[in-house]
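Asker: return atomic coordinates for the entry below.
(2 chains)
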Amino acid sequence: MKIIVRSLVIALALTGAIATTCANASSAKATVSVAKTSAMPAPVCPPNDPNGCGIFDGN
Amino acid sequence: MRYSQLVQGDLRVTSMPFFTLLGYLEIGLCIAALCAIVAKKQWKDYWSLGSFLAVRAASSTALASIMRFGRPLGASVAYNLYFYIYWISFAVESILALIVVYSIFRLAMAPLKGLQQLGMLVFRWAAAISVIVALGSAVSPHMTGVKYLMAAVSQVERTQNILTLCLLVFVCFAIRPMGLNYGSRIFGISLGLGIMSTANLLQWAGTSFDTMYSIYDVIDGVVICLVLATWTAYFALPEPKRRLIVLPTTSPFLRWNQISQVLGDNPGFVAIGGVPPELFAPAEIEVMQRASLKMATPFPRSMSA
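Answerer: Next up, the predicted model:
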């Protein structure tokens, strides 16, 4: 149990570290990458988007 | 769904009911976890997590309402509303998540008061510097106004994710000296936060999309619902009692705890001059006068008097 939990935690930490490195490499571009923390869709278009970023495509 | 859309991570039509379901499930699980915290009388210790869940539930409800009933407003107005509610709640949640990490660390280290104080001091400085660096690094050419806010909030969120993973590693490896086990709520919350942070960092590493619905959003939504369900279970089930912490006298934990406990103590102060008599009460002046008189007269004579 202890080994499994520790392995999982190490895997999470390593994945996070690798993802951070990748994110740093890709952040040189001018666009804004969005990290989302909710099950609701992230609004990735700028405000006043004429199509409303396809907000009602889901309904 | 066409193959090209799948490759681009772009979902349409068939996945939408599932997407909507995830949104509703998230709201339900947030409320369930919140109720479990209140019902088990854990609000005092876990108020930061409770506030985080309350903000999440409120913002998700507002966002779901816009998506469900906002069609009469028109796509543009509804999207503007959605945009600002999302990003304001995102900013508030990022700050609350930092406070959750801070309070979990404080709870985990409660038996070792000295190390707790020292750790919290270090954490406050690390968090403050990280937030300042995050806000600074969000500045880049051609990025103004709303775009800057989005970038700054996302950077703060990313900082919080990294701090959360550090906390998870610490709690996992120092779980025994702190008298905790894998059934402890502190571990459950840390694990959930860690999984959520890893998912966010992975998504961050992905590309930016020009649609609100992508395959990454679905995966992230599933992960978040699982984390919320885990938290609800940890709060609903009885927590095993903290074990008696027995450390060898040579333990570095014990030694550093003793050292940390005396660090930062307020020293005593001695007035050595320039003290006006008005500062003292009449009784204090009387005592000092008597003491001076006794010191001036030889000891045996004063005793006989």
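Asker: so where's the chain uncertain?
Answerer: Because you didn't say which chain, this covers chain A. Applying pLDDT under 70 to chain A flags residues A:23-37, A:57-59.
Asker: sorry, should have said chain B
Answerer: Checking chain B against pLDDT under 70 turns up B:1-16, B:142-144, B:206-214, B:264-265, B:297-305.
Asker: ok, for the closest residue to chain A within it, nearest residue in space, not its chain neighbours?
Answerer: Of all residues in chain B, B:Ala75 sits closest to chain A, at 2.9 Å by C-beta to the nearest C-beta. Where you see a C-beta, it was placed from the backbone N, CA and C, and this is true even at glycine. Ranked by C-beta to C-beta, 6 or more residues apart in numbering or on different chains and with sequence neighbours excluded, the top spatial neighbour of B:Ala75 is A:Gly52, at 2.9 Å.
Asker: now do the contacts for the one you found.
Answerer: B:74-76, B:78-79 (C-beta atoms under 8 Å, 6 or more residues apart in numbering or on different chains).
Asker: how many neighbours does B:Asn266 have?
Answerer: Residues near B:Asn266, counting by other C-beta atoms under 10 Å in any protein chain shown, number 5.
Asker: what about it, which SS state?
Answerer: coil (DSSP: H, G, I helix; E, B strand; the rest coil).
Asker: next one: A:Asp49
Answerer: With three-state DSSP as the basis, the three-state label of A:Asp49 is coil.
Asker: and the residue lying closest to it once chain neighbours are set aside, how many neighbours?
Answerer: Nearest residue to A:Asp49, sequence neighbours excluded (C-beta to C-beta, 6+ apart): B:Tyr79, at 5.9 Å. If you count neighbours by other C-beta under 10 Å, B:Tyr79 ends up with 27.
Asker: re the thing from before, separation between the residue of chain B closest to chain A and A:Gly54?
Answerer: Distance, B:Ala75 to A:Gly54, using C-beta to C-beta, to the nearest Å: 8 Å.
Asker: quick one on the thing from earlier: is it possible to get TSV of the contacts of A:Gly52 that adds secondary structure?
Answerer: Shown next, in TSV, are the contacts of A:Gly52 (three-state DSSP):
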residue	secondary structure
B:Gly74	coil
B:Ala75	helix
B:Ser76	helix
B:Ala78	helix
B:Tyr79	helix
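Asker: mind giving me the ChimeraX command for buried ones among the residues you listed?
Answerer: Only the buried entries of these go into this ChimeraX selection, using 16 or more other C-beta atoms under 10 Å in any protein chain shown:
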select /B:75,76,78,79
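Asker: give the burial count for the closest residue to B:Ile195 other than its chain neighbours, as a bare number.
Answerer: Nearest residue to B:Ile195 in three dimensions, chain neighbours excluded: B:Val227, at 5.5 Å (C-beta to C-beta, 6+ apart). By other C-beta under 10 Å, the residues close to B:Val227 number 21.
Asker: repeat that for B:Lys40.
Answerer: Neighbours of B:Lys40 using other C-beta under 10 Å come to 16.
Asker: distance check, the closest residue to it other than its chain neighbours against B:Ile27.
Answerer: The shortest distance from B:Lys40 to any residue other than its chain neighbours is 5.7 Å, reached at B:Phe235 (C-beta to C-beta, 6+ apart). In this structure, B:Phe235 and B:Ile27 are 17 Å apart, going by C-beta to C-beta.
Asker: of those two, who's got more company?
Answerer: Taking other C-beta under 10 Å, B:Phe235 and B:Ile27 do not tie; B:Phe235 has more neighbours (24 against 21).
Asker: in chain A, what residue comes closest to chain B?
Answerer: Counting by C-beta to the nearest C-beta, chain A gets nearest to chain B through A:Gly52 (2.9 Å).
Asker: how close does that residue get to B:Asp217?
Answerer: Distance from A:Gly52 to B:Asp217, by C-beta to C-beta: 17 Å.
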